[in-house]
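**Q** Here's a sequence, model it:
(chains A, B, C and D)
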Number of protein chains: 2
Amino acid sequence: MNKPSLRDVARRAGVGTTTVSRVLNKHPNISDTTRARVIAAIEQLGYVPDVGARHFRLGRTHAVSALLPMIGTPFYETLLTALHSPLEAEGYDLALFPLLGSQRVRRFRDASALAYRADALLIVSQDPAQLYGGPPPFHGPTVLLDAHHPGYHSVSFDNHRAGRLAAEYALDRRLPIVFLDGADAPDAPGSPVFVARRAGIVQTLSRHGIRPVLTVSVLPEQEGLRTAAQQIAAQRPPGPFLILSMTDDLALGLRQHLQDSGLRLSEDYLLLGFDGSAAAAAAGLSSVVQPVRAMGEAAASVLLGALSGDLSTLVQRQFLPTLREDRSTVLHADRHLNPA
Amino acid sequence: MNKPSLRDVARRAGVGTTTVSRVLNKHPNISDTTRARVIAAIEQLGYVPDVGARHFRLGRTHAVSALLPMIGTPFYETLLTALHSPLEAEGYDLALFPLLGSQRVRRFRDASALAYRADALLIVSQDPAQLYGGPPPFHGPTVLLDAHHPGYHSVSFDNHRAGRLAAEYALDRRLPIVFLDGADAPDAPGSPVFVARRAGIVQTLSRHGIRPVLTVSVLPEQEGLRTAAQQIAAQRPPGPFLILSMTDDLALGLRQHLQDSGLRLSEDYLLLGFDGSAAAAAAGLSSVVQPVRAMGEAAASVLLGALSGDLSTLVQRQFLPTLREDRSTVLHADRHLNPA
DNA sequence: TTGAAAGCGGTACCAC
DNA sequence: GTGGTACCGCTTTCAA
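**A** Numbering: from 1, shown residues only, chains lettered A, B, ... in the order given. Coordinates of the predicted model:
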């Protein structure tokens, strides 16, 4: 016995398909008695409307697809949570398509991919130009989040300025600088976020005639951090120094490993991270803060604007970094010097 | 100007719609010249096939929907990556629907939800009975992952036994036990994972007439951990003790905070976690290991079996815990005692 | 090798 | 208030 269709329901209830459709969609102008008959028929047959058919007919899915480079970090959890609520309030559903594994870029290039069966597309933390060779296989409102590209609506974070801010703050501390760089996985598309931060840092330092006494590049894995810590412990400058870490997560991981090597935060070294994560805050880590929630909300608003068609011009909102100073960038020695 | 349809292409190329369809689907028996004409027309019009219409016509979407309680942890990243590859190899696409925010359960109850527009459904780390009040609004192959329920295919982890294993190992250490319990967010549906682990731990301990000297319950947030650490530092037993932590993440976070309170791992306390995460391994944390990758792969295989219809009986695979012993459960004192 | 036409499951116009 | 029917874009017999 096959899945019953709307027509089966109509036949069973002795009414036309129009009437069944009206009942399903809660239209007015249906007598209570017919409505009851239809509902009875629906229950008897165990009828469930076919979402796909409805979408097809209406030409819209009420869905937004988000293309993500990964999941598994609190950053995306926060960002997407902030994004989701406003969308939901307007009746849109959100589906996530992370780039799981490595060679999956291909998946996004296929125009028949499930992700493109949506009313709007959100490209997160990725450069559309290198995601697709040419034009995207999606023809509908498209918004970039945590990324920027001329020709697309975008909500982004000024990572270059963030790098500058971090570097300037680091310079102010007047300590030798160790740079803990984040490397991209060899098969993943290079993260524009890292590129911009790195540029901001390096350019600012060199403008002041300073170069890091040591630069360590670490893959987004756990093992790399231990090696990095050992390297830093071995090659560190004689006195206290400041570590500039590409992300909070790297900073916190490194801190743990340095501890194992006998180096103590605030005594032997200072530490500055990026992102302003909750974990960083809880750990007393100074960080260049990114307004993650606000960015998610802004993206939702741009998306909704584009969906309702009243976005005449390109919207490109860029959020600015702020620096949150905490214990990790204050030397114990200095605390005694300045008891004020 | 509207989006061109297959019919427009046919007209432009001076052929029938059948031919265009055949070219698109790479059917044989098409002359090279007509194929060329069709392809030219497609490019001139910038035609992109309508995925939704095709799905509608075929009655299948080649999609699998995964319902997740959250994202943002490496656990799901690993699990889903392992799951994704085999599915992709069979031509299936994977869409993620995390329960973002709090009151989103409602979303999953709506039969017209986007998630149910798929060929198969994967319910991850959630009890279908409490996810849906009654029967699920989805009529197709459904598989539970990291969860178990009679009447569903499932791939799960024996969390109760994991709890038992942890408790037995802890008892062997013959130290007072502090239990760092994980609390569920007040609005989230209670995690069956925690329930089972907790039961395994508590039952095993009490069977041996032991109760934790201290139980601290902590929400999945950063702030709770600091408080927990303070509480433990204040109320700890006089000598060394062992902390049993509900997850590796909690264990690692706690370790950091305890350090700030002056308590040192392996000297003042031992630490045992759950999950066998990469971060735990890198940090030398002993842990009850869950074979995450294997579980993901197994789920994919069950899913594919169900999709091809050759699953005559219910498949319920349960994976067993193993204990990975590392530095975190060895006292420094003992190292000296047993130099062998 | 190619094309005409039926139809997947809904919705909405228009007539009654 | 209600029903007949065209149609959304595509795939697939069936016949030529």
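**Q** State the number of residues packed around A:Leu24.
**A** Using other Cβ atoms under 10 Å in any protein chain shown, the number of residues around A:Leu24 comes to 17. C-betas here are computed from N, CA, C, even on glycine.
**Q** model confidence over stretch A:53-73, on average?
**A** The average of the pLDDT scores along stretch A:53-73 is 92.
**Q** Please compute how far it lies from its chain's middle.
**A** Shown here is stretch A:53-73, whose average C-alpha point lies 16 Å from the average C-alpha point of the whole chain (Cα atoms, centre = their mean, to the nearest Å).
**Q** ok, and does that stretch reach over to chain B?
**A** Yes - using Cβ under 8 Å from any Cβ of the partner chain, stretch A:53-73 reaches chain B at A:Ala53, A:Arg54, A:His55, A:Phe56, A:Thr61, A:His62, A:Ala63, A:Met70, A:Ile71, A:Gly72, A:Thr73.
**Q** Mark which of the residues you listed are buried, thanks.
**A** A residue is treated as buried here by neighbour count (16 or more other Cβ atoms under 10 Å in any protein chain shown); on that basis the buried members of the residues of stretch A:53-73 next to chain B are A:Arg54, A:His55, A:Phe56, A:Thr61, A:His62, A:Ala63, A:Met70, A:Ile71, A:Gly72, A:Thr73.
**Q** and of those residues, the nearest to A:Gln290?
**A** If you rank those by distance to A:Gln290 using Cβ to Cβ, A:Thr73 comes first, at 12.7 Å.
**Q** Surely A:Leu323 forms part of a strand?
**A** Yes - secondary structure of A:Leu323, determined by DSSP: H, G, I helix; E, B strand; the rest coil: located in a strand.
**Q** Wait, it touches A:Ser286, no?
**A** Yes - in this structure, A:Leu323 is within contact of A:Ser286 by Cβ atoms under 8 Å, at 7.3 Å.
**Q** Among these two, which residue is more densely surrounded?
**A** The neighbour count for A:Leu323 versus A:Ser286, taken as other Cβ under 10 Å, is higher for A:Ser286 (24 against 17).
**Q** show me what contacts that one?
**A** Residues in contact with A:Ser286, defined by Cβ atoms under 8 Å, 6 or more residues apart in numbering or on different chains, are A:Leu270, A:Leu271, A:Leu272, A:Gly273, A:Leu323, A:Arg324, A:Glu325, A:Asp326, A:Arg327, A:Ser328, A:Thr329.
**Q** at 7 Å what do you get?
**A** Going by Cβ atoms under 7 Å, 6 or more residues apart in numbering or on different chains, A:Ser286 touches A:Leu272, A:Arg324, A:Glu325, A:Asp326, A:Ser328, A:Thr329.
**Q** Mind listing the residues bridging to it?
**A** Beta-bridge pairing for A:Ser286 (DSSP bridges): A:Leu272.
**Q** any idea how far it is from DNA strand D?
**A** 54 Å (Cβ to the nearest atom of the strand, to the nearest Å).
**Q** any idea which element the residue nearest the centre of chain A lies in?
**A** The central residue of chain A, meaning the one whose C-alpha is nearest the mean C-alpha position (Cα atoms, centre = their mean), is A:Tyr76 at 4.2 Å. Taking DSSP states H and E as the definition, A:Tyr76 sits inside helix A:74-89.
**Q** Is there proximity between that helix and chain B?
**A** Yes - between helix A:74-89 and chain B, judged by Cβ under 7 Å from any Cβ of the partner chain, the touching residues are A:Pro74, A:Tyr76, A:Glu77, A:Leu80, A:Thr81, A:His84, A:Ser85.
**Q** So the nearest residue to the first one once chain neighbours are set aside, which state does it fall into?
**A** The shortest distance from A:Pro74 to any residue other than its chain neighbours is 4.9 Å, reached at B:Gly72 (Cβ to Cβ, 6 or more residues apart in numbering or on different chains). Each residue gets one of three states, and B:Gly72 gets coil by three-state DSSP.
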